[in-house]
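A.B. asks: below are the sequence and a predicted model for it; my questions follow.
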Amino acid sequence: MSDLMKVPTMAEMTANGEVPEILFWVGCSGSFDDRAKKITKAIVKILNKCEVKFAVLGAEESCTGDPAKRAGNEFLFQMQAMQNIEVLNGYEIKKIVTGCPHCFNTMKNEYPELGGNYEVVHHTQLIQSLIADGKLQMKEGDTFKGKRITFHDPCYLGRGNNVYEAPRSMLEKLDAELVEMKNCKAKGTCCGAGGAQMFKEAEKGDKEVNVKRTEEAMEVKPNIIATGCPFCNTMMTDGVKNKDQEENIEVIDVAELIATAADL
Amino acid sequence: MISIIIFVVLLVAGFGFFAMNVGKIRANILLGRDVNRSDNKGERIKVMSLIALGQKKMFKRPLPAFLHFCLYAAFVITQIELIEIIADGISGEHRLFRASLGGFYTFMISFIEILSILAFVATFIFLARRNLIKVPRLNMKEMKGWPKLDGNLILVMELILICFIFMMNGADEVLYAQGLSHATDLGDDSFNFAVSQFIGPALFGGMSESTLHIIERIGWWGHIVMVFTFLNYLPFSKHFHIILAFPNTYFSNLNPQGQFTNMDAVMKEVKLMMDPDADPYAAPEEPEGEPQRFGAKDVEDLTWKNLLDSYTCTECGRCTSNCPANQTGKLLSPRKIMMDTRDRLEEKGAGLRKNGKDYDDGKSLLNDYITEEELWACTSCNACVEACPVNIDPLSIIMDMRRYLVMEESKVPTELAGMISNIENNGAPWQFSPDDRLNWKDEQ
């Protein structure tokens, strides 16, 4: 294992008498979904490269409860939330970075009332500040030279929490052309996964939401659709497949783009 | 003298009937559950000033925003002229303020006239958008029947109202130029109002004195009658937004849109379950009054803000036209959620007033108005909330109704039941063991 893939757990750190600067909340997708695991690794590499002292919870992490809450099961949400808060408070966690806008929103906005008060940032916000602090340099002769990249705003990052600039300022560091879809930022169309739709078939209609969003992306002829959410990633990847565009369009998380550009 | 009596009766009846109907709407809104929106007064005033007064969110679509602004400005400024009409009506004078205000009076009436012309043109364009161009969001299926008629009626009333203003000012202008007006003669030969000094002579020039007086009176009475008609039409119409937009934006949700409420009733039970010191055999506390439902089945389960939202909705359809579920042919339309909520609230409120507070008509917002299929089509993306020019939140109604379905009736789509049991058993929405959470670290 390279040095960039060091992943200490909170339990290990505490046993060694160490305190991390920040907890990396990996999330269920980031832990179990094959595509999202790659995003998780990219985030880990960036954290290690920038010598951020972080830890994960590992087996002590559990679903934030977001999909249960959005599916109407408030009981299960609060059970999950309070269990997680007990673990987090037990480790005296102060700051959390998440790899998923849903975890980010839930922990930042819905946990405080239940006794969980942390500074929660999305991975795009953390990476943006690392770049701004000069801790992460992109290599010469960027891999993305001449590529057209469009950013798909995750609803719970953008409209949900008004984070629009962090991912974009990261993409501006790449030697690529950033193109905006007609519906972007506050007007960004959903990928179709939110509100627990990720876990069910859509209601009867004449089109899938992810296909519609992919068509909107295709209008600006991108080589890459960048996302900041594992659910959006799945939905847009499926949309690209549905439109037979796998040869032309890749769906990549901003963290992965930065890790690649920084040669990690 | 008779005209003064008629006027005063009209005035009292007009305001009285309006106040009575507003009272009914207020009582209906207060059927909702409590929610605290009394904090952050400074921020709330700012939001109201920007969104309602300044119409900030309208300007995402510049053309309708400009047209709407013409109507809005004309409507607001015309109220100044209304003060004079009421003062004249009660005192029996004619153009009571002209002598004392002088040049400022001419300026104000001219300003009103110019805005009225802009509003007249805008109203025609709005009628065309509804009936000729058929802008899609104004012609969806929930907009057939009464909502369509309602929208057109308001626009036609506005046209009539503006016509009366110019009959009144135009005819009076011709009379004044001949020294025949009942307005105080200030020794000039024209009112010099920006528009009617031209269209007055053009339309009414050469008519006899008595005809001109009749036209002027028709304009004056027509105007005030239309104002009261309009005022009393408002509580029965989507057009009530011209008033409710202000309180509705003031009481906006100031939290991030992604944040959903944590239900207090659930919090108590979960805390008790998680508390190692809790006595499992302790008798549960006697709940005060009737236990509340989890989530919302009917309008009284929603918050008063949800209900205020429903009366504020003017059915513009920006929410629905931005809804990804609706855009892809699903049944869900956030605008229909708001219209259904208001219609059910009107029905329920009328029933309660007639038959006493324990009356149950056997109907509910869920099923009789809104179907499960609509509720489950929502992606909770907040596009509807973002799009609403007056900060209405259809999403919180959808979520509260989902909560009722899931927690009271255990009605949940099969795949979601699987997701839920996975979280219960494994702490993840999929069937993976929590022990495998860190496996990714060593995978290639």
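C.D. replies: Structure received.

A.B. asks: name the nearest residue to the residue of the stretch 151-264 of chain A found nearest chain B, ignoring sequence neighbours.
C.D. replies: Closest residue of the stretch 151-264 of chain A to chain B, CB to the nearest CB: A:Gly160 (2.5 Å). No exception for glycine: its C-beta is placed from N, CA and C like everyone else's. Leaving out its chain neighbours, the residue that sits closest to A:Gly160 by CB to CB, 6 or more residues apart in numbering or on different chains is B:Gly258, at 2.5 Å.

A.B. asks: could you do A:Val163 as well?
C.D. replies: Spatially, and ignoring its direct neighbours in sequence, A:Val163 is nearest to A:Leu157 (4.8 Å; CB to CB, 6+ apart).

A.B. asks: doesn't the one you found belong to a strand?
C.D. replies: No - with DSSP: H, G, I helix; E, B strand; the rest coil as the criterion, A:Leu157 is assigned coil and is not in a strand.

A.B. asks: any idea how many residues pack against it?
C.D. replies: 27 (other CB atoms under 10 Å in any protein chain shown).

A.B. asks: would you confirm that it contacts A:Phe104?
C.D. replies: Yes - judged on CB atoms under 8 Å, A:Leu157 makes contact with A:Phe104 at a distance of 7.0 Å.

A.B. asks: overlap of the contact sets of the two?
C.D. replies: Shared contacts of A:Leu157 and A:Phe104, defined by CB atoms under 8 Å, 6 or more residues apart in numbering or on different chains, comprise A:His122.

A.B. asks: quickly find the element holding B:Phe191.
C.D. replies: Following DSSP states H and E, there is no helix or strand that holds B:Phe191.

A.B. asks: pLDDT value on it, please?
C.D. replies: As summarised for this prediction, B:Phe191 has a pLDDT of 94.

A.B. asks: where does chain B have low pLDDT?
C.D. replies: B:280, B:282-290 (pLDDT under 70).

A.B. asks: residue of it with the smallest distance to chain A?
C.D. replies: Using CB to the nearest CB, the closest approach of chain B to chain A is made by B:Gly258 at 2.5 Å.

A.B. asks: so how many other residues sit close to that residue?
C.D. replies: Neighbour count for B:Gly258, taken as other CB under 10 Å: 27.

A.B. asks: wait, it touches A:Tyr156, no?
C.D. replies: Yes - taking contacts as CB under 8 Å, B:Gly258 lies within contact range of A:Tyr156: 4.8 Å.

A.B. asks: give me the buried positions along stretch B:211-225.
C.D. replies: Neighbour-count burial for stretch B:211-225, with 16 or more other CB atoms under 10 Å in any protein chain shown as criterion, is recorded at B:Leu212, B:His213, B:Ile215, B:Glu216, B:Arg217, B:Gly219, B:Trp220, B:Trp221, B:Gly222, B:His223, B:Ile224.

A.B. asks: and the second one, what does it touch?
C.D. replies: Neighbouring residues of B:His213 by CB under 8 Å, 6+ apart: B:Ala171, B:Leu175, B:Leu180.

A.B. asks: cool, and the fourth one?
C.D. replies: With contact set as CB under 8 Å, 6+ apart, B:Glu216 has these partners: B:Met167, B:Met168, B:Ala171, B:Asp172, B:Leu175.

A.B. asks: hang on, the third one packs against B:Gly219?
C.D. replies: Yes - B:Ala171 sits in contact with B:Gly219 when judged by CB under 8 Å, with a separation of 6.4 Å.

A.B. asks: circling back: kindly indicate whether the residue of chain B closest to chain A is helix, strand or coil.
C.D. replies: Per three-state DSSP, B:Gly258 ends up coil.

A.B. asks: could you do A:Ile149 as well?
C.D. replies: Under three-state DSSP, A:Ile149 comes out as strand.

A.B. asks: the strands in chain A, which residues?
C.D. replies: A:22-25, A:54-55, A:95-98, A:119-122, A:148-151, A:177-178, A:224-227, A:250-253 (DSSP state E).

A.B. asks: winner for burial among these?
C.D. replies: Highest mean neighbour count among the strands of chain A (mean count of other CB atoms under 10 Å in any protein chain shown): strand A:224-227, with a mean of 26.

A.B. asks: and the contacts of that strand?
C.D. replies: By CB under 8 Å, 6+ apart, strand A:224-227 touches A:144, A:147-152, A:154, A:167, A:171, A:176, A:191, A:214, A:217, A:233, A:236, A:240, A:249-254, A:257.

A.B. asks: one step back: okay, the strands of chain A in TSV with mean pLDDT and distance to B:Tyr359 next?
C.D. replies: Listed next are these as TSV, based on pLDDT from 0 to 100; distance: least, CB to CB, whole Å:
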stretch	mean pLDDT	distance to B:Tyr359
strand A:22-25	98	50
strand A:54-55	98	59
strand A:95-98	98	49
strand A:119-122	98	47
strand A:148-151	97	54
strand A:177-178	95	60
strand A:224-227	98	52
strand A:250-253	98	55
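
A.B. asks: can you redo these as CSV with distance to B:Phe204?
C.D. replies: Formatted as CSV, those follow (distance: least, CB to CB, whole Å):
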stretch, distance to B:Phe204
strand A:22-25, 76
strand A:54-55, 82
strand A:95-98, 72
strand A:119-122, 68
strand A:148-151, 61
strand A:177-178, 62
strand A:224-227, 65
strand A:250-253, 69
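
A.B. asks: among those, which comes closest to B:Ala428?
C.D. replies: Closest to B:Ala428 of these is strand A:22-25 (CB to CB; 13.3 Å).

A.B. asks: that closest one pairs with which strands?
C.D. replies: Paired neighbours of strand A:22-25 in the sheet (DSSP bridges): strand A:54-55 (parallel), strand A:95-98 (parallel).

A.B. asks: mind checking which of those strands is nearest B:Gly89?
C.D. replies: strand A:95-98 (65.3 Å).

A.B. asks: pull the residues that contact the closest one.
C.D. replies: Strand A:95-98 has contacts (CB under 8 Å, 6+ apart) with A:21-25, A:27, A:43, A:54, A:88, A:104, A:107, A:118-123, A:126.

A.B. asks: ok, now with 6 Å
C.D. replies: A:Ile22, A:Leu23, A:Phe24, A:Trp25, A:Phe104, A:Tyr118, A:Glu119, A:Val120, A:Val121, A:His123, A:Leu126 (CB atoms under 6 Å, 6 or more residues apart in numbering or on different chains).

A.B. asks: about what we covered before: show me the common contact partners of B:Gly258 and A:Tyr156, please.
C.D. replies: A:Asn105.

A.B. asks: stretch B:269-279: how far from the chain's middle?
C.D. replies: Distance of stretch B:269-279 from its chain centroid, counting by CA atoms, centre = their mean, to the nearest Å, is 44 Å.

A.B. asks: and if you look at stretch A:50-68?
C.D. replies: Centroid separation between stretch A:50-68 and its chain, computed with CA atoms, centre = their mean, is 12 Å.

A.B. asks: measure it end to end?
C.D. replies: 35 Å (CA to CA, to the nearest Å).

A.B. asks: in it, what counts as buried?
C.D. replies: For stretch A:50-68, by 16+ other CB under 10 Å, it's A:50, A:52, A:54-68.

A.B. asks: what packs against the helix or strand hosting B:Gln79?
C.D. replies: Assessed by DSSP H and E, B:Gln79 sits inside helix B:62-91. Where contact means 3 or more CB pairs under 6 Å, 6 or more residues apart in numbering or on different chains; DSSP states H and E, helix B:62-91 is packed against helix B:103-131.
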